[in-house]
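> pasting the sequence and the predicted coordinates here, then a few questions.
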Amino acid sequence: MMDGHEVTVVDNFFTGRKRNVEHWIGHENFELINHDVVEPLYIEVDQIYHLASPASPPNYMYNPIKTLKTNTIGTLNMLGLAKRVGARLLLASTSEVYGDPEVHPQSEDYWGHVNPIGPRACYDEGKRVAETMCYAYMKQEGVEVRVARIFNTFGPRMHMNDGRVVSNFILQALQGEPLTVYGSGSQTRAFQYVSDLVNGLVALMNSNVSSPVNLGNPEEHTILEFAQLIKNLVGSGSEIQFLSEAQDDPQKRKPDIRKAKMMLAWEPVVPLEEGLNKAIHYFRKELEYQANNQYIPKPKPARIKKGRTRHN
Ligand SMILES: O=c1ccn([C@@H]2O[C@H](COP(=O)(O)OP(=O)(O)O[C@H]3OC[C@@H](O)[C@H](O)[C@H]3O)[C@@H](O)[C@H]2O)c(=O)[nH]1
């Protein structure tokens, strides 16, 4: 919008929130549509960032059929829109297409190790077929596609109930509750800060790379190390609590980002601790906001129009 583009945000608000974009409402280049991509959409655009789908495991497992519909029918609808108006489509795919990987770190030519009938399948198989659909539309219909395989990401404006590990640990540490580690905590992840991801998505969209590209920060830690790091950054006295491990939880994950570096001249620049401190600041404010009950809308004073009788 600041570069002069007109931006239409389409959201069904299943996991998104109006508060995340409300500061743009009223801007001449901004439009917000309450719509679910499982239904067809008729608008005129030249670029589509197809980001739809819950991304947090508890959210996508909450209604697996809906997750599948969003990633299959929703992707078909967006590709159909791209074909009709001649737009370029960028699919937000995921590191979950690599499943519980047997290759480490994961590069784009790895085909993955996915359980097609496990609890994560609605999301990881949903994204895998979404990628397949992109390349079918590219080959058969000439639609221009870009595919970003997004690795674990965090930052401000995450939902308090998101359920992913970074927001869980920060909120638990801030409230003096135990930090819930699933399993032994020896599984690894590598976390990128949201602004790095956004820069990567824009760079990929405007590049000529049509094959999949990993976007993530390769700094890898165990989940137990994350718990300790977040506890220290918050200055919290919370305990660490070990719970049973999540089924099919990938044991190791770290992106190989050589392709993004070479083809997009992109790499993450926000150090982990700096990103975590920003997220901690955000969640601290969110807790204050919630404590002040500002989620409950204040009743507006009735607007009385003078000199007119209202007929229903
Ligand atoms: O409270 C928690 C939450 C999570 N975890 C663990 O922390 C690790 C990361 O879990 P998250 O739920 O944050 O995210 P996952 O890596 O499982 O999935 C994510 O993968 C990449 C993206 O596509 C998605 O954002 C999401 O599916 C897992 O090993 C999980 O078991 C905890 O130990 N405690």
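Received it, and whenever you're ready, just let me know what you need.
> quick one: contacts for residue 13?
residue 34 (C-beta atoms under 8 Å, 6 or more residues apart in numbering). Where you see a C-beta, it was placed from the backbone N, CA and C, and this is true even at glycine.
> per-residue confidence for it?
Note for residue 13: predicted pLDDT of 95.
> swap in residue 296?
58.
> from now on call the first residue 45
Noted, 45 is the first residue going forward, which turns the last one into residue 340.
> get me the contact residues on the stretch 245-356 of the chain for the ligand.
267, 290, 293 (C-beta under 6 Å from any ligand atom).
> just the buried ones from the residues you listed, in ChimeraX syntax?
Filtering those down to the buried ones (16 or more other C-beta atoms under 10 Å) takes a single ChimeraX command:
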select :267
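> mind putting the residues of the stretch 245-356 of the chain next to the ligand into TSV with distance to residue 311?
Formatted as TSV, those follow (distance: C-beta to C-beta, whole Å):
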residue	distance to residue 311
267	24
290	30
293	27
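> from the residues of the stretch 245-356 of the chain next to the ligand, which land in helices?
residue 267 (DSSP state H).
> redo the residues of the stretch 245-356 of the chain next to the ligand as JSON lines? Include pLDDT and distance to residue 273.
Conversion of these to JSON lines gives the following (pLDDT from 0 to 100; distance: C-beta to C-beta, whole Å):
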{"residue": "267", "pLDDT": "98", "distance to residue 273": "11"}
{"residue": "290", "pLDDT": "96", "distance to residue 273": "21"}
{"residue": "293", "pLDDT": "97", "distance to residue 273": "20"}
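> so what sits opposite residue 137 in the bridge?
residue 193 (DSSP bridges).
> tell me how many other residues surround it.
Neighbour count for residue 137, taken as other C-beta atoms under 10 Å: 25.
> what's the spacing between it and the ligand?
8 Å (C-beta to the nearest ligand atom, to the nearest Å).
> do residue 316 as well
Residue 316 is 14 Å from the ligand, by C-beta to the nearest ligand atom.
> that residue touches residue 235, doesn't it?
Yes. Between residue 316 and residue 235 there is a contact at 6.5 Å, judged by C-beta atoms under 8 Å.
> could you name every residue contacting both of the two?
With contacts taken as C-beta under 8 Å, 6+ apart, residue 316 and residue 235 have 261, 263 as neighbours in common.
> who has more neighbours out of those two?
Set side by side, residue 316 and residue 235 show more neighbours around residue 235, with 23 against 19, by other C-beta under 10 Å.
> got the contact list for residue 262?
149, 234, 298, 299, 300, 301 are the contacts of residue 262 under C-beta under 8 Å, 6+ apart.
> spell out the secondary structure type for it.
coil (DSSP: H, G, I helix; E, B strand; the rest coil).
> which of the contacts of residue 262 fall within strands?
Among the contacts of residue 262, the members found in strands (DSSP state E) are residue 234.
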